[in-house]
Every structure is written in C-alpha cells, then in structure tokens.
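In: got a predicted structure here, sequence first:
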Amino acid sequence: MKIWEKGFSVNDTIEKFTVGQDRVLDMYLAPFDMRASKAQANMLAKVGLISEAERQQLVTGLDELLAQVAAGTFRIEDDFEDVHSKIEHYLTEKFGDAGKKIHTARSRNDQVLTAIQLFLKEYTEQVSAKVLALVEVLLQKAEAHKNDLLPGYTHFQAAMPSSFGLWFSAYAEHLLLDLALFEAAHKVADQNPLGSGAGFGSSFPIDREMTTREMGFGNVAVSAVGAQMLRGKTEKTVAFAIAGAAGTLGKLAYDLVLYNSQDLGFVNLPKEFTTGSSIMPHKKNPDVFELVRGHANRLQALPNDIILATSNLPSGYHRDFQLLKELLFGPMMQFVDLLDMLLFALPEINIKPGVIEQAKYDPIFSVENINQLIIAGVPFRDAYQQVGRAVEDGSYVPHREFQTTHLGSIHNLGLAEIAEKVRLWQEGSPLCNG
C-alpha cells in the first residue's frame, strides 16, 4: 500500500508518470530521511505520543536501514513509489504498530523537505572542502611558478607581461569568492522544516527545537508556511552557488585549452592525459579541459532551470517541486566530478619556461618603455605617443627588464595574503566548523 492510499488504485499510466524518477533520485535522500525519522521517533517519545519501547524499536530499525545504505544493499523496489514509503513499510513489517506511528505529526511534505535540506546542507559542506582543496593546489602551483612569465591577453591580443604565479593565484582567489555563495546556500539549507507538516503545523505538542538539535540544524524554520516555501528556494540557492563556481572552472579550463595549443604553447599536458585523432597521428587533444569547459557551461544554466520550474508557484506545496530533484541532483554530482577531475589533472600540468622570451612578444613590453620615459620626466601622453610611433616605424626596442612592487603584481603576488584569506575563511565559515 502507498502511505496515502485510501482504498482505490491509481491508473497505472498515471502512477508511472507521477512517480517519475523518484525511486532512483530518492537514493540520494535515503540516509537523510532515515536520520530525520530517528529524530522524529525520539521527539514523539519525549512528548508522549509513542512509548519508549516503540522508540527503541524504531531507532533500531532505522539504524538497520542506515547500515544497509552504508553497505550499498539498500533498495527502493518498484512496489514503492518513493524512499519514504519504503522506510515506513520496513518499520511496519518489522515492528507492527510502532512502524505505523512514525508518521504521527508529520506530513510527507515536511518529511521530504527535511531530507532535502539535510542532503543539500551536507553537499555544500563536502563540495566546499573540494573547492578549498583546489584553492590549495592553485596556490601551490602559483608559488612553484611565480617566476615563469607568460603574455597576458586582452581581446585575444598579447597585451602585457603576466606570470603563471598571477594566473594560478587569480583562480585561487576567485574560487574563494565562489565559496561565499556556497556559504549562503549552506545557511539556507541549515533550516529545519520538520514539524511544519503540510505547511500549517500540527495540534500535537511536538518539540521542533529538539528535532533541530538532533539533526544538527542550526536553525528552526519557524513559520510552518515559510518552512514549506524552502522547497525551491534552497535548491535555487545551491544552483546559483554551483553556477558561480562553474563559471570560474569553465574559464580556467578554456585558458588551459588555449595555453596548450601549438600556437601558444605555454603548458604541456602529460600525453596520457590527452586523446588522439583517428586520421592525424600527431594530435594530442586536451579533451579533459574541453569537457570541463562544456560541462561548466551547462551548469551555469542550472539556476534558470530551477527558476523556470518554480517561478509561477504560490505558497504551499505543489507537485511541480518533484521536478527539482531531476533538475538538480544530476548536475550536483556532475559538479563534483569536475572538481575531482581538476584536483587530479592540475597538479600534473607542465609549465614551459621562457615562453615570453620569443621575439613575437616584444610589443607587450611597450608599457615598460613608456614607464621609463615617464621616470625620465616625459609626461605620460607624450611618452605614449613617442612609443606608439616607434612601434609603428619599427624603431621600437622593448625594455624587457622591469620590476613590479605593488600587491598583486608579477613580482609581489600576495600569496601570503591570499593564504590568509583561506585561513580566515576556514576559521570563520560554518562550512568548516559546522
């Protein structure tokens, strides 16, 4: 029986359509639903709605199910429309009336919402740890290659001298900014909706503060109506965080595709990291970074998918929300795959030294020629015109020797300052201290 069944059967075609991908996607939610059900059982016993013996039975059964999840043996068979039905059936088959009581003072609305909140909260914590690990890799590469210069580009034109130290540290710093979005998503997910029921609370004397503590939430989603409105809001916030970081990763990947080309030749990938051509034996293609770029571009559309699925809905629960699992869960895992791939590949990138010494990059030192004239007392605009004429008439000779001093420049990368940002974030973020 379904947990909402009332003595009649749903048409098979209708059931198949309404169940959708729930049996597959609910496997992500299974351990979180079990944790929430343990908190529910403990709370029901505390307020006297079930006995202590029943509480112990339910907790034992839920621990058994959690062990199945950990062992990879938990399944949601076709007999069940979702994970919630499977869990309640297991408890009822094993403990009889105690299993039937687990849903007291709870709706499937706040049940699934609680599991999703827990799932997304843990996801933001785990993903942030991976992003932070990538920041550390980038900072290590920046330190190792701080003296390796390369041309900096604007408009796809060689513009001014840059360095791999600047390039690697730039992405490290921007991923730290992206972590701020995950911190915001974590805050939205760290709200406990359990006890809001179908969106209007319950006449039972439940203890929502207790379940909040038991599940490790930082806050109660106080208004029962507002708690239900988290459905869609939390998913959207997580989607924006993923999209923001994906934008950074996609740009990094595109740079590496360019830098690996024969025309630029700034980096080399190990040959085992490349793919080949079916007719051109010389080809060593950077497919890994092209795919990172492609997936990252798709992930940047994720917030739009969530917005379109939810933007015209009033308050309260609507079955439209079921689609959010299909829209979000797959991309969430794809983003993890991108992080894992970059954590694997970036340390193995080989930097070519001396690329900036090629004569074709002489023009990028023109600003240094201007600066030398300014130091000699020539006004900037006059110096600009003088060097510009030299470039045009072929008399230009690059001033390749230069030294930067300000923070965040080639010869003063500020890696210690960025590392301090990392330290402060680790000490102050609930993502690290939750």
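Out: Looks like it came in fine.

In: contacting residues for the nearest residue to Leu339 once chain neighbours are set aside?
Out: Excluding its sequence neighbours, the residue lying closest to Leu339 (C-beta to C-beta, 6 or more residues apart in numbering) is Lys130, at 4.3 Å. For the C-beta atoms, the positions are set from N, CA and C on the backbone; glycine is no exception. Residues counted as contacts of Lys130 (C-beta atoms under 8 Å, 6 or more residues apart in numbering) are Val336, Leu339, Asp340, Leu343.

In: compare these and tell me which is most surrounded.
Out: Leu339 (20 neighbours; other C-beta atoms under 10 Å).

In: quick one: average confidence on stretch 427-434?
Out: Across stretch 427-434, the average pLDDT comes to 78.

In: where does the prediction get shaky in the stretch 51-200 of the chain?
Out: Under the criterion pLDDT under 70, no range of the stretch 51-200 of the chain is flagged.

In: show me where it has its helices.
Out: 52-71, 83-95, 97-101, 108-144, 164-189 (DSSP state H, counting those that start in this stretch).

In: how about the helices in the stretch 251-400 of the chain?
Out: 287-299, 302-310, 322-345, 366-375, 380-393.

In: ok, now how distant is the residue nearest to Leu339 from Ser163?
Out: Distance of Lys130 to Ser163, given as C-beta to C-beta, to the nearest Å: 26 Å.

In: returning to what we had before: tell me the one of the contacts of Lys130 nearest Asp97?
Out: Val336 (41.4 Å; C-beta to C-beta).

In: nearest to Asn371, of the helices of the stretch 51-200 of the chain?
Out: helix 164-189 (18.2 Å).

In: tell me the angle of that closest one relative to helix 108-144?
Out: Angle of helix 164-189 versus helix 108-144, following axes from the mean of the first three to the mean of the last three C-alpha atoms, to 10 degrees, is 160 degrees.

In: which residue is nearest the middle of the chain?
Out: Ile242 (4.1 Å; C-alpha atoms, centre = their mean).

In: surely that one and Gly330 touch.
Out: No - under the criterion of C-beta atoms under 8 Å, Ile242 is not in contact with Gly330, lying 11.5 Å apart.

In: the residue nearest to the centre of the chain: which element?
Out: Assigned by DSSP states H and E, Ile242 falls within helix 230-259.

In: and that helix, what does it pack onto?
Out: helix 108-144, helix 164-189, helix 287-299, helix 302-310, helix 322-345 (3 or more C-beta pairs under 8 Å, 6 or more residues apart in numbering; DSSP states H and E).

In: name the residues of the shortest one that come out as buried.
Out: Meaning helix 302-310. Buried positions in helix 302-310, judged by neighbour count with 16 or more other C-beta atoms under 10 Å: Leu302, Pro303, Asp305, Ile306, Ala309, Thr310.
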